[in-house]
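Enquirer: Make a model of this:
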Amino acid sequence: MASRSATIIPAGAVELVGEVHDNPEHHKVQAAGIQGATRSVVFEQLRTNQQPAIDAFMALPKDSRTLDAFLKAIDWEKSGWLKYDYKPLFEAVLAADLPIYAGDAPRDLIRKAAKEGTAAIPADEQKRLGLDVPLDPSLHDASLTEIEASHCGMLPKSAFGGMAFAQRVRDATLADVALKAFEKHGAVTVFAGNGHVRTDRGVAWYVRARAANVPVQSTMLAEVEDGKTDADAYVPRGPDLKPAVDYVIFTPRAERGDPCEAFRKSMQPPTADPKN
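Expert: You can find the predicted model right below:
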């Protein structure tokens with residue numbers, strides 16, 4: 001496992017730092033990497049329609065910009081991310097007084113994109129974001145396969161196309177915010193799930209499509225698995241078998257149950273109340 005004191009964020013680049021959301025070790029590693037940095041940060045965990053509240057928070061006197069005040073400003077308790085421990089990362093960003101940007105698309109837009117596909121986004125906005133250019137068929141197929149696996153094969157295949165487009169909207173939005181932050185501050189770190197930091201079809205794809213001169217670097221935080229001792233086996237690869245990240249940092253695996261069992265239970269209708 002990489003030392004937490006290691007700096008994983010270079011200057012003058014769009015740096016993508018991945019994670020497994022429910023692994024608290026990942027947020028500690030991310031927090032260590034941001035210490036002493038002079039750059040802006042973009043969070044997948046914050047939606048772009050929250051930016052006004054973030055800007056109002058950042059306009060407060062520094063001694064008022066506490067972690068509790070930040071969590072209240074972003075309405076963290078209702079965000080859906082509360083069950084994950086992001087406090088070490090947020091504390092590190094606030095302590096370093098770094099500009100904060102909300103990177104994910106609004107929830108309603110993501111749902112609309114998943115339901116309606118390309119019809120959910122006006123043509124001129126698709127072009128601006130780079131969504132008018134389709135992914136290579138092999139990359140699109142890989143995305144569909146990943147979506148099916150992540151939902152444990154319990155969703156109809158007819159849903160996958162819309163879900164894949166919604167994922168593209170999220171990646172393109174993160175890239176859009178990252179480029180704005182890069183233009184203003186000269187360097188930016190994007191914190192997002194490992195799927196978003198893939199260089200073959202994630203955020204980097206949209207950054208490079210819109211600004212080929214902007215350097216992009218991707219680091220994935222990978223959980224070590226029992227009996228899996230070949231480091232190269234942890235590297236995600238595209239359909240062309242080329243690595244889909246630049247660096248991998250190894251961490252312990254988080255304790256969790258069977259995600260498919262949890263997903264299966266969430267798909268079941270509620271049990272009738274025996275008293276009624």
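
Enquirer: I100 is in contact with I34, isn't it?
Expert: No. Applying C-beta atoms under 8 Å, one finds I100 not in contact with I34, separated by 11.4 Å. Using the backbone N, CA and C atoms, a C-beta is placed for each residue, glycine as well.

Enquirer: Between the two, which contacts overlap?
Expert: Contact with both I100 and I34 is made by residues V41, V93, according to C-beta atoms under 8 Å, 6 or more residues apart in numbering.

Enquirer: What's the local residue count around G227?
Expert: By other C-beta atoms under 10 Å, the residues close to G227 number 4.

Enquirer: actually H21, not the one I typed
Expert: When neighbours are defined as other C-beta under 10 Å, H21 has 16 of them.

Enquirer: Roughly how far does it sit from V169?
Expert: For H21, the distance to V169 under the criterion C-beta to C-beta, to the nearest Å works out to 19 Å.

Enquirer: repeat for F250
Expert: Applying C-beta to C-beta, one obtains 31 Å for the distance of F250 from V169.

Enquirer: Looking at these two, which has the bigger crowd around it?
Expert: When F250 is set against V169 and neighbours are counted by other C-beta under 10 Å, the residue ahead is V169, at 24 against 14.

Enquirer: helix or strand for the more buried one, which one?
Expert: Taking DSSP states H and E as the definition, one finds V169 inside helix 160-185.

Enquirer: need the strands for this structure, in chain order.
Expert: Remark: strands assigned in the chain by DSSP state E are 14-17, 40-47, 100-104, 188-191, 216-223, 247-251.

Enquirer: would TSV of the ones you listed with distance to L139 and mean pLDDT be doable?
Expert: Written out in TSV, the entries for the strands of the chain read as follows (distance: least, C-beta to C-beta, whole Å; pLDDT from 0 to 100):
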stretch	distance to L139	mean pLDDT
strand 14-17	17	96
strand 40-47	20	98
strand 100-104	21	98
strand 188-191	20	97
strand 216-223	16	96
strand 247-251	20	96
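
Enquirer: can you tell which of the ones you listed is closest to G162?
Expert: Ranking the strands of the chain by proximity to G162 (C-beta to C-beta) places strand 100-104 first, at 17.4 Å.

Enquirer: and the closest one, what does it pack onto?
Expert: strand 40-47, helix 51-58, helix 160-185 (3 or more C-beta pairs under 8 Å, 6 or more residues apart in numbering; DSSP states H and E).

Enquirer: List the contacts of the residue nearest to the spatial centre of the chain.
Expert: Against the mean C-alpha coordinate of the chain, by C-alpha atoms, centre = their mean, the closest residue is A192 at 2.3 Å. Neighbour list for A192: L16, V17, G18, E19, F43, E44, G103, L174, V203 [criterion: C-beta under 8 Å, 6+ apart].

Enquirer: got it, and P215?
Expert: Contacts of P215 were listed using C-beta under 8 Å, 6+ apart, and they are G12, A13, V14.

Enquirer: and the second one, how many neighbours does it have?
Expert: Other residues near A13 come to 17 when the count uses other C-beta under 10 Å.

Enquirer: that older thread, M58: which of the contacts of P215 is nearest?
Expert: The shortest gap between M58 and any of the contacts of P215 belongs to V14, at 20.8 Å (C-beta to C-beta).

Enquirer: how much space between the closest one and V197?
Expert: Relative to V197, V14 is positioned 11 Å away (criterion: C-beta to C-beta).

Enquirer: Looking at these two, which is more packed in?
Expert: Applying other C-beta under 10 Å to V14 and V197 shows that V197 carries more neighbours, namely 30 against 25.

Enquirer: quick one: contacts for that one?
Expert: V197 is in contact with L16, V17, G18, V190, V203, A204, S218, T219, M220, V245, counting by C-beta under 8 Å, 6+ apart.

Enquirer: What distance do you get for it to P99?
Expert: Look at V197 and P99: by C-beta to C-beta, they are 20 Å apart.
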